[in-house]
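Asks: Task: produce atomic coordinates for the following.
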Amino acid sequence: MADYHVNEPKDPKKILLAGQDLSEQPIVTNEKLSYKEAGVDIDAGEQLVKNIKPLAAKTKRDGMLGGIGGFGALFEIPKGYKNPVLVTGTDGVGTKLKLALDLERHDTIGIDLVAMSVNDILVQGAEPLFFLDYFSCGKLDVARATAVVSGIAQGCEQAGCALIGGETAEMPGMYAGDEYDLAGFAVGAVEKEKIISGSDISKGDVLLGLSSSGAHSNGYSLIRKIISKSGAKLDQVIGGKTLGDLLIEPTRIYVRPILEAIKTGTIKGLAHITGGGITENVPRILPEDLVAVIDVHSWPRSDLFTWLQENGNVDEDEMLRVFNCGIGMVVVCAPEHADTLRQILESAGETVFRIGSISDRQGTEHQTRLIKT
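Replies: Model prediction:
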């Protein structure tokens, strides 16, 4: 074994091991280090947990056991289910986070996070039961993180699901400046015999489109590119609102109205219009031999989407395969049930349009046939 000893070279910081210069090796000092000095503030994390607890308490619902702060979150399937199937979904909010940072507005981005997961599991006919989030950053800003989680709690309240846990990770060196990232997942339940799979969709069925609240949480990389190329400012006014206000508008949560409509037993299919737009999401629920025929002029295009298309010189096909273009959820039903479903959804606060129908697929054509004239 080599003999460790301290030599006295011209540079006193140099340490020799068996005659070898180890000046590039770490220098041992008597300074006491702490996690906080390494960039992780445990006290800040504990304060955030204290801030979160009352927010999560507002989302309490049947099945929730315990509260925030344990190693694991406990939840029992509510009474009343006979043969429940669990449905899960996970997502983030993409580069819409960049917009939140640019605007320094963090109180609604959590709604987006919840919406992207609960709307996804909703299309199977599932009732969202609980939600967990993951918040990561380089340096924990308690006020900002609390604002983010307050939005998550608001989203859970809108969806009727419990915020039962999550994780906050402070990771120095992983993120630049004030950047942070979000992810989350939802768990829901549906009676096995009531799963909405789209398998019974048939020719002649009707497509009802529910209005979106804006771009939701998809296409923001293209949106940011359009803003950069056009030189637009987030405070410029478009149709009575600033561009920033239009873009930060949180994703609409369709849970309560759709669950009410599901009770009729007449919904054959549901499509959440997320990444891939109308063009790519509706086919996900269709049998292979059918096509969705959609009239793109059957609903009004908002000022935001018109502005994006004009200022980005974006082709119509590209608009429809990137953005929701004003339709956030599509409902498929038999024609004789369309009016009843529309009344139920509108009475629950939704704006509904009859946007198309189901037809036979011609050969290998794409399963979304768009009528643009």
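Asks: other SSEs contacting the longest helix belonging to the chain?
Replies: Criterion DSSP state H: the longest helix present in the chain is helix 142-159. In terms of contacts (3 or more CB pairs under 8 Å, 6 or more residues apart in numbering; DSSP states H and E), helix 142-159 is packed against helix 42-57, helix 109-122, strand 127-137, strand 162-170, strand 180-191, helix 255-262. C-beta: built from backbone N, CA, C; applies to glycine.
Asks: Can you flag the weakest of those by average pLDDT?
Replies: Among the helices and strands packed on helix 142-159, helix 42-57 carries the lowest mean pLDDT, at a mean of 79.
Asks: Report the inter-axis angle for that one versus strand 127-137.
Replies: Put simply, helix 42-57 runs at 160 degrees to strand 127-137, going by axes from the mean of the first three to the mean of the last three CA atoms, to 10 degrees.
Asks: ok now helix 42-57, how far from the chain's centre?
Replies: For helix 42-57, the distance between its averaged C-alpha position and the chain's averaged C-alpha position is 22 Å (CA atoms, centre = their mean, to the nearest Å).
Asks: And stretch 149-168, by the same measure?
Replies: Relative to its parent chain, stretch 149-168 has a centroid offset of 12 Å by CA atoms, centre = their mean.
Asks: so how far does that stretch reach from one end to the other?
Replies: Between the opening and closing residues of stretch 149-168 we find a distance of 10 Å, counting by CA to CA, to the nearest Å.
Asks: Check stretch 231-249 too.
Replies: From its first residue to its last, stretch 231-249 covers 21 Å (CA to CA).
Asks: CA atoms only: put stretch 355-370 into PDB for me.
Replies: Included here for stretch 355-370 are C-alpha records, laid out as PDB according to Å, rounded to 0.1, in the frame of the first residue of the first chain:
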ATOM      1  CA  ILE A 355     -68.600  19.100 -36.900                       C
ATOM      2  CA  GLY A 356     -69.000  16.000 -39.000                       C
ATOM      3  CA  SER A 357     -69.900  12.400 -39.400                       C
ATOM      4  CA  ILE A 358     -68.500   8.900 -39.800                       C
ATOM      5  CA  SER A 359     -68.200   7.300 -43.200                       C
ATOM      6  CA  ASP A 360     -66.700   4.300 -45.000                       C
ATOM      7  CA  ARG A 361     -63.000   4.500 -45.500                       C
ATOM      8  CA  GLN A 362     -61.800   4.500 -49.100                       C
ATOM      9  CA  GLY A 363     -58.900   2.100 -49.500                       C
ATOM     10  CA  THR A 364     -55.900   3.300 -47.400                       C
ATOM     11  CA  GLU A 365     -57.000   6.900 -47.100                       C
ATOM     12  CA  HIS A 366     -56.200   8.800 -43.900                       C
ATOM     13  CA  GLN A 367     -58.900   8.300 -41.300                       C
ATOM     14  CA  THR A 368     -59.600  12.000 -41.100                       C
ATOM     15  CA  ARG A 369     -61.200  13.400 -44.300                       C
ATOM     16  CA  LEU A 370     -61.200  17.100 -44.000                       C
END
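Asks: can you count the residues close to Ala56?
Replies: Ala56 has 24 neighbours, counted by other CB atoms under 10 Å.
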